[in-house]
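1. Take a look and give me a structure for this.
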Amino acid sequence: MERAAGNGKAPEPGMVRAADGARREIIHEYNLDGRVGYFVTDNAESNDTCLDELACELGFNKQHRRLRCCGHVINLVARSILFGTDADAFEEDCRADKELQDEMKLWRAKGPIGKLHNIVHWVQRSGQRIEKLHKLQSIENTALGIEDKTTYDVITDNATRWNSSEAMMERGYQLRNPLDSLIQAEVTEWGQYVAARTANGTRPMPKRSRKKPAIVDDKMTSEDWAVIAEYLAILKPLKIATKRLEGRPEEGKYGAIWEVLLTMEWLLKHLEESKMQHEHDEEPYLRVGCNLGWMKLDKYYALTDDSPVYLAALVLHPAFRWPAIESQWADHPEWLERGKAAVRELWEEYRGLPIEQDAASEPPMAARKTTDLDEFMASVRKLSTQRAPATPSTRDEYAEWLSTPDPGDCLVDNPIQYWLLRRRQYPNLSRMAIDLFSIPAMSSEPERIFSLTGQMITPSRRRLQADIVGAARCISSWEKSGAIQIIQINPNLPK
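-> Numbering: from 1, shown residues only. Take a look at the predicted model:
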């Protein structure tokens, strides 16, 4: 479906309607009008505008089909933890043109993470400071008797992208001793200069004096480093969740939509524990950050009620079903009541669909030479196994499946394979399940494709048209997924 996103025609501001037209054109071109499923997007208003028009034209429930990228939600939660309620305003302030000292002051107000940001960027701006940092690491390694002589650069963060901030803090904490030595040298030099100019504080600082280096005010204390360590501990589960959900759920796991609710439950409990752990901290950074992060995640957890897909996918996972949700929502019976009604409503949409013939037929067998006996047995088998009628069944497959759990279901690790094997027994329910288990939890895969698309447009390729760029990325994506195989005719040509 990457091609259906209009690859190569990414809209700029003010071009949303044109982009919508391009998407509709592609949907019609590939005859997808009756096969459009769910949309995993962020909070951009242009997404709502696009879905409003598509829902009107194609006749689907926009609220049910609009799903939120879990990676985007985790990003908002992490930014709230690190930068507070004004994370967006802070990002705009950081991007605005201003004097270096003013920018450093802006970051310093954010506490230890802001001070570390200033130190890292200060080091990165000078080749001499980078070289000195490596020398200090070598000295420390020798003093500690560490055989590995590898030294490291600092990692600069990118505005307020939380994963880059986490990487900056992790490397900064690793290099805290060499960084402290670098800053202490600046503090000592400035102190000596002030002492010389003021006669050890006996007279005021002359007007014509050097300006105080801004980095001196960013000296990290042991308490500051302890806060950085706590930030890393708080962010670690968010990093784990992002890594798990950014995959492509080819087997119905590691990036599937059914994992979202359980992941959010796990993160909410983690942030609740972190709130309690830091509620009596003298400094407000961690206490306030954990509370804001929990509030942000709780908001988006509540928004999953807008679509029954999150819950239905978890219910139709044979290893979880309703008991898994009931154990998590034991204190919220009203959630269970609403959830069961929503899943039932979604099932009724599938229940009335005509049974697809491929769902009622046997899976194809590997071709082999047959004998007259094989043909006789096959003819008898056809008499006893009639094809399912291509009309909606009066059976309630959903209720039937719920009432007949198999003891081995708890061991199921691949829900897509599970439902493929039951397409004959539960034709409509399996169709619903496979649809749901095919939905990704995040939009990371299309975003990677869009990034690669941008890399194709080099200065020497400015005349490439959108259709060529889109086709090239589409073929590359198909090959990567195994849908097609590209044969190299001339082995001497570079790949």
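
2. wait, what's in contact with the residue nearest in space to the middle of the chain?
-> With distances taken as C-alpha atoms, centre = their mean, Gly71 lies nearest the centre of the chain, 2.4 Å away. Applying C-beta atoms under 8 Å, 6 or more residues apart in numbering, we find Gly71 in contact with Thr242, Leu245, Glu246, Ala441, Met442, Ser443, Ser444. For the C-beta atoms, the positions are set from N, CA and C on the backbone; glycine is no exception.

3. Quick check: PyMOL command selecting the buried ones in these.
-> Written as a PyMOL command, the selection of buried residues from the contacts of Gly71, which uses 16 or more other C-beta atoms under 10 Å, is:
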select buried, resi 242+245+246+441+442+443+444
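
4. Lowest pLDDT pick from the contacts of Gly71?
-> Across the set of the contacts of Gly71, Ser444 stands lowest in pLDDT, at 78.

5. Pull the most distant pair out of the contacts of Gly71.
-> By the measure C-beta to C-beta, those have their two most distant members at Thr242 and Ser443, which lie 12.7 Å apart.

6. The residue nearest to the centre of the chain - nearest residue in space that isn't next to it in sequence?
-> Nearest non-adjacent residue to Gly71, counting by C-beta to C-beta, 6 or more residues apart in numbering: Met442, 4.1 Å away.

7. a strand runs through the one you found, doesn't it?
-> No. With DSSP: H, G, I helix; E, B strand; the rest coil as the criterion, Met442 is coil rather than part of a strand.

8. Please name the residues that touch it.
-> For Met442, the contacting residues are Val40, Cys69, Cys70, Gly71, His72, Leu245, Glu246, Gly255, by C-beta under 8 Å, 6+ apart.

9. Secondary structure and distance to Ile146 added to those, as TSV?
-> Below are the contacts of Met442 laid out as TSV (DSSP: H, G, I helix; E, B strand; the rest coil; distance: C-beta to C-beta, whole Å):
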residue	secondary structure	distance to Ile146
Val40	strand	45
Cys69	coil	42
Cys70	helix	39
Gly71	helix	37
His72	helix	40
Leu245	helix	36
Glu246	coil	34
Gly255	coil	38
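
10. Farthest pair within those?
-> Greatest spatial distance in the contacts of Met442: His72 and Gly255, 14.3 Å, computed using C-beta to C-beta.

11. Among the two, which residue is more densely surrounded?
-> A count of neighbours by other C-beta atoms under 10 Å puts Gly255 above the other of His72 and Gly255, at 23 against 18.

12. And stretch 144-155, end to end?
-> One end of stretch 144-155 to the other measures 24 Å (C-alpha to C-alpha, to the nearest Å).

13. how about it: buried residues?
-> Quick answer for stretch 144-155 (16+ other C-beta under 10 Å): Val154, Ile155.

14. pull the helix or strand with minimum mean pLDDT from the protein.
-> helix 357-360 (a mean of 54; mean pLDDT, DSSP states H and E).

15. doesn't Ile355 fall inside a helix?
-> No. Under three-state DSSP, Ile355 falls outside any helix and is assigned coil.

16. For it, the count of nearby residues, please.
-> Considering only other C-beta under 10 Å, Ile355 is surrounded by 18 other residues.

17. what's the closest non-adjacent residue to it?
-> Pro427 (4.6 Å).

18. Surely that neighbour touches Arg351?
-> No. Counting by C-beta atoms under 8 Å, Pro427 stays clear of Arg351, with 10.5 Å between them.

19. More neighbours: those two, which one.
-> Legend: neighbour count by other C-beta under 10 Å for Pro427 and Arg351, higher for Pro427 (23 against 18).

20. Could you check how far the residue nearest to Ile355 is from Ser476?
-> Distance check for Pro427 against Ser476: by C-beta to C-beta, to the nearest Å, it reads 35 Å.

21. what's the answer for Lys340, then?
-> From Lys340 to Ser476 the distance is 43 Å (C-beta to C-beta).

22. No more questions from me, cheers.
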